[in-house]
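In: starting from these lines, generate the structure:
(chains A and B)
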Amino acid sequence: AQSVTQLDSQVPVFEEAPVELRCNYSSSVSVYLFWYVQYPNQGLQLLLKYLSGSTLVKGINGFEAEFNKSQTSFHLRKPSVHISDTAEYFCAVSDTTSYDKVIFGPGTSLSVIP
Amino acid sequence: IAGITQAPTSQILAAGRRMTLRCTQDMRHNAMYWYRQDLGLGLRLIHYSNTAGTTGKGEVPDGYSVSRANTDDFPLTLASAVPSQTSVYFCASSDSFSPNSPLHFGNGTRLTVT
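Out: A predicted model of the protein is given here:
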């Protein structure tokens, strides 16, 4: 079975500063990895996904993530954040070997300070 | 705009009462899901349906039931609500019941059981 850890429950950062949101996973098999964003009072939206190929994945709104198999990590980064990036961010993992369900991490709340 | 519609947006429910949360999608997605979101726990899968006419149990199915009579609708029923079912409920869909198929979410139903 898979599990997902997001080490930081809250991350405050000043506007235009860089940010990294950490995600680590555990799995005995190959995985697909996702980052979702949830704006206040809304459902989750897909930011980016890693299925195969290049380990650096680019998503919407200037975000990117790097898959590191040896460290079982999939950290999310943005070089310069905006106020509009304030939201909850969820890392998720799914098992590539079965049509099983996605497992979500507990989420990281990003607060961008003007 | 294509997507997922959930109703009601919020509800306060007395313990022991029956409640059905509605979910409709217009994307013709084959797979649909119900998640509950609780602070610090991320999203947990309640039930899923990989295609019309079939359903399956997720991580936390007890106290909930679902049906999938057609492609578009996937209602979630609480037969006799309990306070531990206080949560935000999200309906989601994906093009296929595949581990690499991203999820599309509705805006959620906030349920309080008193």
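In: residues in contact with the closest residue to B:R17 other than its chain neighbours?
Out: Using Cβ to Cβ, 6 or more residues apart in numbering or on different chains and skipping residues adjacent in sequence, the residue nearest B:R17 is B:A81, 5.5 Å away. Every C-beta, even on glycine, is put in place using the N, C-alpha and C of the backbone. Contact analysis of B:A81 by Cβ atoms under 8 Å, 6 or more residues apart in numbering or on different chains lists B:L13, B:A14, B:A15, B:G16, B:R17, B:R18, B:M19, B:L111, B:V113.
In: any idea how far B:A15 is from B:A81?
Out: 6 Å (Cβ to Cβ, to the nearest Å).
In: so the residue nearest to B:R17 belongs to a helix, correct?
Out: No - going by DSSP: H, G, I helix; E, B strand; the rest coil, the assignment for B:A81 is coil, not a helix.
In: spit out the contact partners of the most centrally placed residue in chain B.
Out: The centroid of chain B falls nearest to B:W34 when counting by Cα atoms, centre = their mean (2.7 Å). Contact analysis of B:W34 by Cβ under 8 Å, 6+ apart lists B:21, B:23, B:45-48, B:58, B:64, B:66, B:74, B:76, B:89-92.
In: which one's the longest strand in chain B?
Out: In chain B, taking DSSP state E as the definition, the longest strand is strand B:42-51.
In: for it, give the mean pLDDT please.
Out: For strand B:42-51, the mean per-residue pLDDT is 92.
In: hmm, who's touching the next helix or strand after it?
Out: Note on strand B:42-51: by DSSP states H and E, the next helix or strand toward the C-terminus is strand B:54-57. Identification of contacts with strand B:54-57 by Cβ under 8 Å, 6+ apart yields B:H47, B:Y48, B:S49, B:N50, B:V66, B:S67, B:R68.
In: how many other residues sit next to the fourth one?
Out: The criterion is other Cβ atoms under 10 Å in any protein chain shown. On that basis, B:N50 has 18 neighbouring residues.
In: with the fifth one instead?
Out: Around B:V66 sit 23 other residues, with neighbours defined as other Cβ under 10 Å.
In: which residues touch it?
Out: B:W34, B:I46, B:H47, B:S49, B:T55, B:F74, B:P75, B:L76, B:T77.
In: ok, of these, which one's closest to A:G105?
Out: B:I46 (17.9 Å; Cβ to Cβ).
In: thinking again about what came up before, scan the contacts of strand B:54-57 and report the most crowded one.
Out: Compared across the contacts of strand B:54-57, B:Y48 has the highest neighbour count, 25 neighbours, by other Cβ under 10 Å.
In: so what's that residue closest to, chain neighbours aside?
Out: Using Cβ to Cβ, 6+ apart and skipping residues adjacent in sequence, the residue nearest B:Y48 is B:Y33, 4.6 Å away.
In: the one you found pairs with what?
Out: B:Y48, B:A92 (DSSP bridges).
In: what's the neighbour count on the closest residue to chain B within chain A?
Out: Taking Cβ to the nearest Cβ as the measure, chain A has A:G43 as its residue closest to chain B, at 3.1 Å. Neighbour count of A:G43, defined by other Cβ under 10 Å: 22.
In: likewise B:L78?
Out: Neighbours of B:L78 using other Cβ under 10 Å come to 19.
In: that one against B:Q85, yeah?
Out: Yes - counting by Cβ atoms under 8 Å, B:L78 does reach B:Q85; the two are 5.9 Å apart.
In: find residues that contact each of those two.
Out: Contact criterion Cβ under 8 Å, 6+ apart; residues shared by B:L78 and B:Q85: B:G63.
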